[in-house]
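Chemist: Fold the stuff below for me.
(3 chains)
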Amino acid sequence: MTDAVRRNQKRKPQQTTVQKAQAESQDVPHDSRCQASSWRRDVRRRLFAWFEDHARVLPWRSEPTPYRVWVSEIMLQQTQVATVLPYYERWMRQYPTVVDLANADEADLMRIWEGLGYYRRVRSMHAAAKRVVQEHEGKFPTDFDAVLALPGIGRYTAGAILSIACDQRLPILEGNTQRVFSRWAAMSLTPTETKANKWLWQFSEQLLPQHECGTFNQAAMEIGALVCTPKNPKCDECPIRQLCCTAAAGLQESIPGKITRVKYEDRMEFALVLSRKARGQECQEYLVRQLPNDARWAGLWDFPRPTEVETKTVDAAARWLEGELGTPVRVGARLKTIRHAVTKFRIQLHVHSASVNSKQTRSKLRDPLWRWVRQDDLANLPMSVTGRKIVHLLAQSEQSFLPLE
DNA sequence: AAACCGGGGGC
DNA sequence: GCCCCAGGTTT
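Modeler: Numbers count the residues shown, from 1 in each chain, chains lettered A, B, ... in the order given. Next up is the predicted model:
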């Protein structure tokens, strides 16, 4: 079922909108003062006035076309504004239009993205751009359902793009506004809970003005980023303070409700560094592979490291590589242990040197997924954070003439 | 070092 | 409805 279909089904009302809103309001604890239209009017007025004085000057705000807003929204989904800025500028120089993006080389794209993480999102953007070219004649669609149908774009992102770039009257709900709206309304459930989430979407829609919805949505997110912060909100500076049901009740510590997160999971992983002297040159070259489409880090390059199966020992990792290459692999010294935390995993990555009889690997090495690559060429391949750390490690080893074995 | 952040998609 | 994604910042 597509999102568009699901949304349409949701729209098929068995109750009127008002009845439904009342039914849901009874379930979700909040302060009823925020239901008054006069309250909403005051909030809008104060928020707009505040935003006029406090809005940050950001590159995607100067010329908010759907494409530019889209790129900024995807980058901002995972990273803070300060980090995004240089990436955004580089991206826009390289791919000023959605057509340029559609024509981009995927490895170049991922190399530009390297460091932002969550690489599936770049691939989704690339695929979406191609569809914009094929299905919308290279013009980014401005119809909500058409935008929502693009890969990597959900209800939030579609609403953000079209409200900000086209001033369509569409609500948004993301991390900042979940918290801000929860506090304004003293909605005490955990905002990600299904019932609370539905309620907040509805709240967001009711709060929207008739015009300048994009400005309103940006202002709501901006105040969440600058004033109504998760810890120690700056209520003294907040223009909504007099209207805020949480501030009135002194509940800033307990609203929004805490999101229970999955526990950390310790994991041990192994990477194998196979090197050989580059033919007719001083430098070394290393065995790397491009990860297949369905794997973790799809499209990125990596040193031999089992990602499809879990391995508990370096020997198991070596046996995995033997299966991949069809030739015996000998494990050498441990070069380093890299500690790396990502999502719920705390990973100890043991990096070992290893060797094979390279004559016997020739058949597999014709496979475009496996390649011997010179140290300085590794710089041009898109890699995960840990992969890049291994490259740095090898650069240091070469510089200090430390033998790998 | 631990805790926190977070939207979209696949099933 | 639940789990996955594979990285950075704050405390």
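Chemist: Quick check: residues of chain A near DNA strand B?
Modeler: A:3, A:77-78, A:118, A:124, A:150-158, A:174-176, A:178-179, A:230, A:258-259, A:261, A:264, A:339, A:341, A:343, A:346 (Cβ under 7 Å from any atom of the strand). For the C-beta atoms, the positions are set from N, CA and C on the backbone; glycine is no exception.
Chemist: Please flag which of those sit within strands.
Modeler: A:339, A:341, A:346 (DSSP state E).
Chemist: The last one bridge partners, please.
Modeler: Put plainly, it is residue A:346. For residue A:346, the beta-bridge partners are residue A:266, residue A:341 (DSSP bridges).
Chemist: sorry, back to before: from the residues of chain A next to DNA strand B, keep the buried residues only.
Modeler: For the residues of chain A next to DNA strand B, a burial check counting by 16 or more other Cβ atoms under 10 Å picks out A:77, A:150, A:152, A:153, A:155, A:156, A:157, A:158, A:174, A:176, A:178, A:179.
Chemist: I'd like the residues you listed written out as CSV, with pLDDT added.
Modeler: Output for those, formatted as CSV (pLDDT from 0 to 100):
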residue, pLDDT
A:77, 87
A:150, 95
A:152, 94
A:153, 95
A:155, 94
A:156, 94
A:157, 95
A:158, 95
A:174, 93
A:176, 92
A:178, 93
A:179, 93
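Chemist: out of the residues you listed, who's nearest residue A:142?
Modeler: residue A:158 (10.6 Å; Cβ to Cβ).
Chemist: Could you provide the ones in strands among the residues of chain A next to DNA strand B in TSV, with additional columns for pLDDT and distance to residue A:102?
Modeler: Converted to TSV, those look like this (pLDDT from 0 to 100; distance: Cβ to Cβ, whole Å):
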residue	pLDDT	distance to residue A:102
A:339	89	39
A:341	84	35
A:346	87	38
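Chemist: from the residues you listed, which single one is nearest residue A:389?
Modeler: residue A:339 (10.2 Å).
Chemist: Helix, strand or coil: sort out the residue nearest to that closest one when sequence neighbours are not counted for me.
Modeler: Nearest residue to residue A:339, sequence neighbours excluded (Cβ to Cβ, 6 or more residues apart in numbering): residue A:348, at 5.9 Å. Under the three-state scheme (DSSP: H, G, I helix; E, B strand; the rest coil), residue A:348 adopts strand.
Chemist: Go ahead and confirm residue A:348 touches residue A:270.
Modeler: No - under the criterion of Cβ atoms under 8 Å, residue A:348 is not in contact with residue A:270, lying 9.5 Å apart.
Chemist: When those two are compared, which one has more neighbours?
Modeler: Neighbour count, other Cβ atoms under 10 Å: between residue A:348 and residue A:270, residue A:270 has more, with 25 against 13.
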